[in-house]
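>>> Below is the structure, and that's it, no one-letter string:
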């Protein structure tokens, strides 16, 4: 496969389970993917499919009721390979990685910033723990970061509180915070869901710029197919805690092979096709995680369901980059040849 | 505000049976004294005038800074206040200090160890602290620490041969702790829930994602935000502290304003009752002002926009 040195983060067979009321929710149930340096991996899927949990697992920021059950998260730090899943949850080594090597942006910038501290202070915390800069240097760095993020009057804004920032500016401040230590990997968990479309475009432009300038790998979690088409180098489609299809953006968007990916793409309206275009929503709704279908998780909602779907299909490599988890992938892939 | 309350208290005193004169005369003499003599005494004290006139006289002199004289002892009220106010202030401030520190820290510990044995026992203790009346605690504490263990004195404030501050500390420990107890329990419960609320917020995850140690996440990001409602609560509870001090001062023979208040009400000593209640009102109003200032200090969102 690809050159090993190119891979910033490699996740293998990851399982994260939640335990509530003596029941076990297999939120992430055997997920594997690689994140290449300087590339964007989009993880797509509908609500509750395990996207965010996957992100939280990589950062070891899981809620107390959940834990990593199995699998490996290998992070390449300089020349060493660190197994993140083996580190203590809030231990020293994990904390050293968090914020400096792997940083994260959250969904809602309105609640993700602490209301009682200035934006500058919140950015500086990151630098304080991961660099040896002096107070003055930290302040200058904060200002230049805000400047890079396109915030006007950064010298003044740095001493302001989040409540005097607008939503888009807060998300920029969040990105400044995340980028403060030039992380190798930036995990963005639906960074624009809470923002309007114009701001969304600006934020993505910014992330794309940062990726190119700093060679940061980005894991972008989203459910917006437009965003995927725009930004992704690689795409992984998740459903009920599994990756059902993965590959380059071209593979997945142009040659969708898993029925779920197809259905997802068909359910998105396309700009310019007019208001009478056919949108095919996926029938039914996501199964209860405590009462999963046997075999293929998507089978009950799939138009091509057969008896063979009672057995969970294995991940199959169609070609070098494209992989899919479906029994009948050949039938679907045939068309693209 | 002060005006309204002063009028209400004055009316309340007017409605209560008896007056200062009837309390001055000992029961043995009551049978021998004639109605004319009583009226003469009332006239001497100005009690024969109408209710509104008396209120007006009292009000105008009060505004001029003249608190008048106690009817029961004839001592200037200002003199009584100078003696008693510091004692009460000392007691309530120490209690406030204890209850704030203890309440907040126990509440935070309770929240951080949610669901553990520590949390559960603190919760039970908190409920007990809120529901058991102070005088009961006061008496139990005297029994236990003063009489059984003989660690601390039973009561009093300034004993003749104890003069330095150090000598006085043992005297204040029991009353202030008992007084603080109820506030502590309340503050603790409140700090716990406020802290739990804040810990579930997203910026805590953000803070953690920066790779900071847990104590910094919890204290700097968690507690700092959780503090605002706790401060407000403590501010609102200040009157409780003052009310409580009235009872505790009785139990511990603390020569403060609370015990003076009870004595003056018993004697229908109008001027003294009025002054003390006015002072209580004043303290409550000042407290809420201080709380407003404090909240603005803690929470930048409350601060007025300064451009």
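Yep, that arrived. Note that the structure is predicted; figures quoted are calculated from it, not measured. Numbers count the residues shown, from 1 in each chain, chains lettered A, B, ... in the order given.

>>> what's the distance between residue A:129 and residue A:24?
Distance from residue A:129 to residue A:24, counting by CB to CB, to the nearest Å: 35 Å. (Each C-beta comes from the backbone N, C-alpha and C, glycine too.)

>>> And those two? Which one has more around it.
Set residue A:129 next to residue A:24 and count neighbours by other CB atoms under 10 Å in any protein chain shown: residue A:129 wins out with 18 against 14.

>>> so who does the more buried one touch?
Residues counted as contacts of residue A:129 (CB atoms under 8 Å, 6 or more residues apart in numbering or on different chains) are A:95, A:99, A:100, B:210, B:211, B:212.

>>> farthest-separated two in the residues you listed?
Using CB to CB, those span at most 11.2 Å, a distance reached by A:100 and B:212.

>>> Let's see which of the contacts of residue A:129 end up in helices.
residue A:95 (DSSP state H).

>>> Quick one: the contacts of residue A:129 as CSV, columns for distance to residue A:318, neighbour count and pLDDT too.
Shown next, in CSV, are the contacts of residue A:129 (distance: CB to CB, whole Å; neighbours: other CB atoms under 10 Å in any protein chain shown; pLDDT from 0 to 100):
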residue, distance to residue A:318, neighbour count, pLDDT
A:95, 40, 22, 86
A:99, 38, 27, 84
A:100, 37, 21, 86
B:210, 40, 27, 83
B:211, 39, 24, 80
B:212, 44, 22, 82
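
>>> Identify the residue nearest residue 96 in space, chain neighbours excluded?
Since you didn't name a chain, this refers to chain A. residue B:211 (6.3 Å; CB to CB, 6 or more residues apart in numbering or on different chains).

>>> Wait, chain B was what I had in mind.
Residue B:96's closest residue in space is residue B:241 (CB to CB, 6+ apart), at 6.3 Å.

>>> need the helices for the chain, in chain order.
Just so you know, I chose chain A. A:51-59, A:92-97, A:109-112, A:119-130, A:135-148, A:154-157, A:167-179, A:197-214, A:225-231, A:249-254, A:259-266, A:329-334.

>>> I was after chain B.
B:2-15, B:20-24, B:27-30, B:35-45, B:51-63, B:77-112, B:117-131, B:134-141, B:165-199, B:202-209, B:214-215, B:224-251, B:257-266, B:270-298.

>>> Out of the ones you listed, which gets nearest to residue A:307?
helix B:202-209 (44.3 Å).

>>> which other residues reach the closest one?
A:59, A:61, A:90, A:98-99, A:103-104, A:106, A:108, A:111-115, A:125, A:174, A:177, B:198, B:216-217, B:220-222.

>>> go on, stretch B:51-70?
B:6-7, B:10-11, B:14, B:46-47, B:49, B:75-78, B:80-81, B:264, B:269-272, B:274-275, B:278.

>>> Look at residue B:181 and say how many residues are nearby.
25.

>>> that older thread, go ahead and confirm the residue nearest to residue B:96 touches residue B:98.
No. The criterion here is CB atoms under 8 Å, and residue B:241 misses it with residue B:98 at 11.0 Å.

>>> between the two, who's got more neighbours?
More neighbours surround residue B:241 than the other of residue B:241 and residue B:98, with 22 against 18 (other CB under 10 Å).
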